[in-house]
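Enquirer: show me how the following folds:
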Amino acid sequence: MKRLLLVVLMFLLVFVQTATASSDLAQRKEIIKQEFAEGDKIAKLTKNENAVAIMKFLHESAFIGQPIYNKNGRTVKFVEVGGKKDYYLCIVPLLKKDRGASKEWREAYDENLAAFHIPDPRQPLLVLKERSQFSGTWQGLILIHEGSHALAFAANVFNDIEDSLKRRTMDELYAYSLEAELAEKIGGQEYSKLIQEEVKRLEQGYRKNKEISIPDYPRYSARLDKIFGKSCSKLETGVRGSILWITAVFHVIEKNYKSPDEQQQRKADFLWSAYKNGNMQ
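Expert: Numbering: from 1, shown residues only. As a prediction, the model looks like this:
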């Protein structure tokens, strides 16, 4: 009788574990499906070649991973790899339960980000979040931004830059330039008016001392909601304001410096300064 009971308990344990794993995988697949769909919408709507290329890369290289318990670092288990690929990018959709896998995964889950790329040479990761604080459009924009980092890393786009800080800054410059371009395309004429208004505000200080004024998020938040729909969170409001601000700064730099090389360097310097001073959302 005891032996039979033990067998039954072991069967139930295996059954529960299998059912839980199946449920977890279904949730992770749904996160990927939903976020990739938003990225696809952006690429299709804007017909931007770079956005299309990034989404194509993500679809073709993606496979599913999940965090596993480890005292050190972000360790993952490959859950579903699929067929042979030219490049393997592990997509890690985070669930609340993953907070217990490690200190690093807990911090990753709690970070106020919809997605982020981890350029680990052993296995690059693209982390997606279970509870996005972003509307569909901005979720798609952020996915393409992070996807640009993933594609640039896969293609060794910036490897010829020896200085790691400069390499990261150029990577961010490309990603933000693309995100700004896409947002401007989606936002249309009304968004362009806001950009020009912000350009005028920034130029007042820039002409005097070559300094960029800090972003003024409340100034534009209501009008940005009319253009893109209501923000899902304060974080999204901040990100929208940051992209508007960055776009306007890029326009100011382009107006004041004619050389493409100098424009690029000024933009890169601005981005690094903005991160350093905590002006980015």
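Enquirer: average pLDDT across stretch 67-82?
Expert: Mean pLDDT, taken over the full extent of stretch 67-82, equals 86.
Enquirer: between the two ends of that stretch, what distance do you get?
Expert: Stretch 67-82 has an end-to-end distance of 18 Å (CA to CA, to the nearest Å).
Enquirer: buried stuff in that stretch?
Expert: Within stretch 67-82, the residues that count as buried by 16 or more other CB atoms under 10 Å are 67, 74, 76, 79. From N, CA and C alone the C-beta is placed, and that goes for glycine too.
Enquirer: wait, doesn't the second one sit right on Pro67?
Expert: Put plainly, it is Arg74. Yes - judged on CB atoms under 8 Å, Arg74 makes contact with Pro67 at a distance of 6.9 Å.
Enquirer: which of the buried residues of stretch 67-82 fall in strands?
Expert: Among the buried residues of stretch 67-82, the members falling in strands (DSSP state E) are 67, 76, 79.
Enquirer: quick revisit: quick one: which of the buried residues of stretch 67-82 is nearest Ile253?
Expert: Proximity of the buried residues of stretch 67-82 to Ile253 (CB to CB) peaks at Arg74, which lies at 36.0 Å.
Enquirer: and the gap between the closest one and Asp261?
Expert: To Asp261, Arg74 is 37 Å away according to CB to CB, to the nearest Å.
Enquirer: could you give the number of residues near the nearest residue to Ile243 once chain neighbours are set aside?
Expert: Of all residues not flanking Ile243 in the chain, Ala183 sits nearest, at 5.3 Å (CB to CB, 6 or more residues apart in numbering). Counted with other CB atoms under 10 Å, the neighbours of Ala183 add up to 24.
Enquirer: how does this structure divide into domains?
Expert: According to automatic domain parsing, the chain comprises the domains 32-154, 164-276.
Enquirer: now distance to Ala26 too, for the ones you listed, in TSV please.
Expert: Putting the domains of the chain into TSV (distance: least, CB to CB, whole Å) gives the following:
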stretch	distance to Ala26
domain 32-154	10
domain 164-276	24
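Enquirer: element containing the residue nearest to Ile243?
Expert: In the assignment (DSSP states H and E), Ala183 maps to helix 164-209.
Enquirer: tell me which other helices or strands that helix touches.
Expert: Judged by 3 or more CB pairs under 8 Å, 6 or more residues apart in numbering; DSSP states H and E, helix 164-209 is in contact with helix 2-46, helix 49-61, helix 136-154, helix 217-228, helix 234-256, helix 260-276.
Enquirer: and with 6 Å instead?
Expert: helix 2-46, helix 136-154, helix 217-228, helix 234-256, helix 260-276 (3 or more CB pairs under 6 Å, 6 or more residues apart in numbering; DSSP states H and E).
Enquirer: deepest-packed of these, please.
Expert: The highest average neighbour count among those, using mean count of other CB atoms under 10 Å, belongs to helix 136-154 at a mean of 24.
Enquirer: where's that helix relative to the chain centroid, distance-wise?
Expert: Here the centre of helix 136-154 is set off from its chain's centre by 5 Å, with CA atoms, centre = their mean, to the nearest Å.
Enquirer: so where's this structure uncertain?
Expert: 1-21, 277-281 (pLDDT under 70).
Enquirer: overlap in contacts of Arg74 and Pro67?
Expert: Trp105 (CB atoms under 6 Å, 6 or more residues apart in numbering).
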